[in-house]
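**Student:** Just to be clear, the model below is a prediction. Sequence and coordinates:
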Amino acid sequence: MNKFLFIILAAALPIQAADYLRDIKPVLKARCYACHGTLKQKAGLRVDSAANIRKGAKGEDVLSIGKPGGSELLARLTAADADERMPPEGAPLKPAEIAAIREWIAAGAPLPANESAEADPREHWAFQVPQLVKLPGNAGNPVDVLLEQQRAARGLKAQPIAERTIRLRRLYLDLIGLPPTRTQLTDTRPWEVIVDELLKSPHHGERWARHWMDIWRYTDWYGLGAQLRNSQKHIWHWRDWIVESLNADKGYDRMIHEMLAADELAPTDLKALRATGFLARNYYLFNRTTWLDATIEHTGKAFVGLTLNCAKCHDHKYDPITHEDYYRFRAIFEPHQVRLDPLPGLTDFEKGGLPRVFDNHLDITTRLHLRGDPKTPDTNRVMRAGVPAVLSEFAPEIQSVKLPAYAFAPAAREYVQRDRLANAKDAVVTAKQELTKAKQLAVNAPPEKPKPKPKPPAPTPKFSVHDDFSNRNDKLWEVVGNGWKFEKGAALQTTATRETERLALRQKLPRDFELTCRYTHTGGSLYRSVTFRFDVSADRKYANYVYTSAHAPGPKLHVAYTRGGASTYPPDGLVAQPIVIGKPYTLRLAVRDRLVNVWLNDKFQIAYTLPDRKPDGRLELSGFDATVAFEDLQIKSLPADLKLTESKNATPEVKPASSVEISEAKLAAAEAKLAALETMFAAEQARGNDVAFKAAEQRAARAEAVSLKAEGEYELKAFAKDGKKVKAARAKIANGAKKLAAVEQGKGSFTALRAAKKALETPAHKESQYPTVYPATSTGRRTALAQWITSSKNPLTARVAVNHVWLRHFGEPLVETVDDFGLRAKPPVQQFLLDHLAADFMANDWSFRRLHRLIVTSRAYQLRTTTADADAKTLAAD
């Protein structure tokens with residue numbers, strides 16, 4: 001009976017509402033304010049106060065007071081369809097959070113007393129322009145005046161001044177990073193005199209450059225072998241610029257201008273261009289979005305203390321920065337790329353060059369990435385370059401910048417032409433010296449002995465090998481590896497490996513031979529290749545070979561070769577073949593000198609001419625990533641009367657030239673190269689005058705064609721025994737002839753000197769595919785950004801810089817979150833001091849030297865750091 005009475009009484013009790021301020025408002029603030037708060041009200045709904053929730057969305061109720069089941073708000077929070085459920089980002093609300101909201105609605109959605117809606121983020125303390133504090137006349141150092149006002153208001157007493165030796169040591173370490181000598185510790189000159197001396201020391205720039213290099217993320221380049229992956233080679237030029245700028249007390253505003261846009265503001269100033277290492281440092285070969293994400297994040301944090309990166313995937317959860325703001329900011333940097341520019345006296349970019357940025361893709365568009373995923377761009381709109389809307393009132397208009405030829409055509413620079421011509425002239429001098437030496441050696445060489453009449457060649461003994469692999473024959477084969485078995489009438493390679501398991505024939509093959517082998521691919525892992533190598537050298541760094549591969553998706557029959565340990569797979573030697581596992585094949589191979597003919601299952605497949613031949617190596621049979629059964633092998637001398645099919649890739653034999661002939665060709669090539677450079681540079685100087693340029697262009701085109709032919713003819717003589725280089729030399733000669741023909745028709749054009757080295761945009765690119773002349777216009781977007789950052793109306797830049805300097809002098813910042821001055825940054829206890837120093841910093845040409853001087857000449861900087869003998873009341877309060 002008592003049990004039923006309890007149930008009846010419980011049902012009659014009023015519903016216990018969740019505590020709105022404790023259980024509900026924090027959830028709404030964390031998950032909903034970004035879209036339904038003071039800055040943005042999607043669908044017209046605000047949820048930053050209970051009263052606003054009850055007002056509904058665009059006049060429509062979202063609550064049914066006392067009826068959770070009829071409330072649109074609850075329906076959207078609990079929707080099963082992810083497209084309908086709120087919030088749209090992240091995980092759904094937790095069951096306990098939903099239950100609290102349901103209870104509050106069921107209880108009538110009571111309004112808490114004295115609740116206020118979310119404050120307008122634009123009123124945030126850090127978004128107000130800092131102002132100078134009005135100080136009494138002759139009040140002394142403003143740092144001390146403002147701190148003493150705070151201490152007096154709280155009834156606190158400062159510690160006394162520290163001993164002079166301690167203060168001197170502190171000053172030296174802070175300003176130049178070096179401890180004072182014993183003599184310097186006894187320096188009795190006025191404090192201000194010593195301060196000024198240290199601020200002018202070259203060590204001051206070195207000390208403070210280390211701090212700023214940490215903030216701006218200086219790092220040397222990283223790569224793999226010759227491949228550059230991160231940052232830039234010779235990025236140390238930016239480091240030197242930082243040191244020199246600080247030692248020269250260059251205004252911080254100008255430093256920011258040069259780091260972001262020196263290529264637009266000072267395009268001919270090599271010293272200023274070093275500053276753009278700030279952007280070049282973010283280079284990342286493998287992913288452009290990763291590169292730009294780093295640029296956006298650390299530009300925002302370093303200069304204005306905003307975590308823009310938190311808006312990459314959605315609106316910022318705390319700050320008034322939208323998803324659109326992020327991609328407008330990205331559009332500022334979208335066109336820029338990185339290159340190495342030449343420096344006077346240097347022509348080898350491995351030894352030196354200036355890493356700098358420039359706008360390369362002027363028409364590239366920026367798309368918003370839905371949920372931050374570059375694979376799902378919003379194709380319905382193009383994002384225009386801009387800064388966060390909340391601080392855009394003072395953003396300057398973006399204006400494109402016309403660049404001088406010095407900037408966009410590096411080959412037009414006087415020092416580039418001077419250095420390249422000097423190298424070319426040195427090459428001519430060297431070639432003349434080599435020719436003179438070759439002629440002297442030829443004159444002094446002993447007369448050649450008459451060659452004996454050649455004896456008729458001895459008949460080549462017939463060569464014949466046959467093995468049906470019914471038994472292991474160690475006299476015939478060297479068996480390498482543990483995976484071989486001889487059974488069932490076959491030599492079985494039973495392990496699919498890339499190691500050197502093989503059967504090596506102990507007998508030497510004749511120069512010209514014919515091989516026939518029956519075999520079966522029995523399995524394997526990836527490439528599943530069966531290989532027949534011949535001419536294999538003792539160190540295995542030289543070989544010629546034929547292989548069949550069952551590798552999907554491109555099974556094939558291929559002739560290839562190894563030189564110096566590196567394998568070459570010529571396309572001329574490849575035929576696609578549907579090689580099938582488990583199917584027997586018969587491969588026939590005929591070799592005469594460098595010519596190779598291949599048949600598969602009695603059908604002719606390939607004729608290929610090897611680049612060279614050293615027919616004194618061994619024959620090897622093996623599988624690569626494959627298991628294989630070799631069932632029958634026959635090798636014999638190639639009959640002299642057997643006609644083979646000539647290959648299309650064959651190149652005529654080149655008669656070896658004498659050392660004099662080679663030297664003469666080298667001199668001709670060097671002289672032609674010098675003439676080509678001289679005419680090309682003359683054409684570069686004529687740019688802008690259409691008539692003069694047209695004539696100069698044809699002269700430069702002719703000289704380039706002659707140079708190309710001369711270079712090819714030299715290489716043909718110098719590398720007569722290297723088939724690959726002979727082929728390349730013939731291609732140069734043919735290309736030169738083609739260019740000369742175009743000149744004769746008045747259609748010649750020259751290839752501008754590649755005086756700069758553009759960083760690759762993807763690993764698949766090659767430097768040769770990039771233009772040698774860059775855009776003559778820059779977008780001006782980064783200049784506008786720099787002007788916005790350094791505007792006297794920007795409330796953040798000076799505060800952020802002052803906070804960094806204060807941190808490194810006192811060990812603690814005025815604002816704890818040094819790279820986040822957004823809404824989560826609490827007003828500092830000494831806000832008046834921070835604001836005064838920031839306003840003074842801007843008013844005095846953004847001078848770091850003045851800021852340092854204000855701080856280190858203050859009494860506050862010179863106080864004792866120990867709490868020994870401290871005022872008891874102050875110590876208790878602290």
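**Tutor:** Ah, there it is.
**Student:** you'd agree His316 is up against Cys35?
**Tutor:** No. Counting by CB atoms under 8 Å, His316 sits too far from Cys35 to count as a contact (11.2 Å). Placement of C-beta: from N, CA and C, glycine included.
**Student:** Okay, now the unreliable bits of the protein?
**Tutor:** Low-confidence segments of the chain, defined by pLDDT under 70, are located at 1-17, 59, 445, 447-461, 650-657, 869-872, 874, 876-878.
**Student:** Grab the most central residue of it for me.
**Tutor:** Centroid check for the chain by CA atoms, centre = their mean gives Tyr284 as the closest residue, at 1.2 Å.
**Student:** Could you check how far it is from Val357?
**Tutor:** In this structure, Tyr284 and Val357 are 14 Å apart, going by CB to CB, to the nearest Å.
**Student:** Show me which strand runs longest in this structure.
**Tutor:** Secondary structure of the chain read by DSSP state E shows that its longest strand is strand 513-536.
**Student:** Name every sheet partner of the helix or strand just after that strand and say whether each one runs parallel or antiparallel.
**Tutor:** The first helix or strand that comes after strand 513-536 along the chain, using DSSP states H and E, is strand 543-549. Within its sheet, strand 543-549 is paired with strand 513-536 (antiparallel), strand 556-563 (antiparallel), according to DSSP bridges.
**Student:** mind putting those in JSON lines, mean neighbour count and distance to Ala152 included?
**Tutor:** Written out in JSON lines, the entries for these read as follows (neighbours: other CB atoms under 10 Å; distance: least, CB to CB, whole Å):
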{"stretch": "strand 513-536", "mean neighbour count": "20", "distance to Ala152": "79"}
{"stretch": "strand 556-563", "mean neighbour count": "20", "distance to Ala152": "85"}
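**Student:** nearest to Ile606, of those?
**Tutor:** strand 556-563 (5.7 Å; CB to CB).
**Student:** And whichever strand or helix holds Ile101, how far out from the chain middle?
**Tutor:** With elements delineated by DSSP H and E, Ile101 resides in helix 95-106, which encompasses its position. Put simply, helix 95-106 sits 49 Å off its chain's centre (CA atoms, centre = their mean, to the nearest Å).
**Student:** which other residues reach that helix?
**Tutor:** Residues from elsewhere that reach helix 95-106, judged by CB atoms under 8 Å, 6 or more residues apart in numbering: 15-18, 20, 23-24, 27, 63-68, 71, 73-74, 77-78, 93, 110.
**Student:** contact partners of stretch 601-614?
**Tutor:** Around stretch 601-614, the neighbours that count as contacts under CB under 8 Å, 6+ apart are 535, 537, 542, 544, 557, 559, 561, 563, 570, 572-575, 577, 585-586, 588, 593-599, 644-651, 721-724, 726-727.
**Student:** Just the buried ones from the residues you listed?
**Tutor:** Buried positions within the contacts of stretch 601-614, assessed by neighbour count (16 or more other CB atoms under 10 Å), are 535, 542, 544, 557, 559, 561, 563, 570, 573-574, 577, 585, 588, 594-599, 644, 647, 649, 722-723, 726.
**Student:** Chain neighbours aside, what residue packs nearest to Arg381?
**Tutor:** Among residues not flanking Arg381 along the chain, Leu368 sits closest, at 7.0 Å (CB to CB, 6 or more residues apart in numbering).
**Student:** Report the contact partners of the one you found.
**Tutor:** Residues counted as contacts of Leu368 (CB under 8 Å, 6+ apart) are 323-324, 327, 377-378, 381, 383.
**Student:** By neighbour count, which of those wins?
**Tutor:** Counting neighbours by other CB atoms under 10 Å, the top entry in those is Tyr327, with 26 neighbours.
**Student:** just checking, it is part of a strand?
**Tutor:** No. Residue state for Tyr327 (DSSP: H, G, I helix; E, B strand; the rest coil) corresponds to helix; a strand is not indicated.
**Student:** Met383 is in contact with that one, correct?
**Tutor:** Yes. The pair formed by Tyr327 and Met383 meets the contact definition of CB under 8 Å, at 4.3 Å.
**Student:** Quick check: neighbours shared by the two?
**Tutor:** Here Tyr327 and Met383 share the contacting residues 366-368, scored by CB under 8 Å, 6+ apart.
**Student:** just checking, Leu156 touches Lys873?
**Tutor:** Yes. Under the contact definition of CB under 8 Å, Leu156 touches Lys873, with a separation of 7.4 Å.
**Student:** So for the two, which residue has more residues nearby?
**Tutor:** Neighbours were counted for Leu156 and for Lys873 using other CB under 10 Å; Leu156 has more, 16 against 12.
**Student:** Figure out which of the strands paired with strand 543-549 is closest to Phe832.
**Tutor:** Each of the strands paired with strand 543-549 was scored for nearness to Phe832 using CB to CB, and the closest is strand 513-536 (69.7 Å).
**Student:** from the chain's centre, how far out does the closest one sit?
**Tutor:** Using CA atoms, centre = their mean, the distance between the centre of strand 513-536 and that of its chain works out at 42 Å.
**Student:** on that earlier part again, residues contacting the residue nearest to the centre of the chain?
**Tutor:** The contact partners of Tyr284, taken as CB under 8 Å, 6+ apart, are 229-230, 290-291, 294.
**Student:** right, and out of those residues, which lies closest to Tyr519?
**Tutor:** Each of those was checked against Tyr519 using CB to CB; the closest is Arg229, at 43.2 Å.
**Student:** Name the SS class of the residue lying closest to Arg420 once chain neighbours are set aside, please.
**Tutor:** Distances taken as CB to CB, 6+ apart put Leu677 closest to Arg420, at 5.8 Å, once the chain neighbours are dropped. Under three-state DSSP, the three-state class of Leu677 is helix.
**Student:** likewise His314?
**Tutor:** Reduced to three states with three-state DSSP, the structure at His314 is coil.
**Student:** I figured it was touching His323, is that so?
**Tutor:** Yes. In this structure His314 lies within contact range of His323 using CB under 8 Å: 5.5 Å.
**Student:** I'd like to know how many residues surround Ala389.
**Tutor:** Using other CB under 10 Å, the number of residues around Ala389 comes to 15.
**Student:** and it, what is it in contact with?
**Tutor:** Applying CB under 8 Å, 6+ apart, we find Ala389 in contact with 320, 322, 325.
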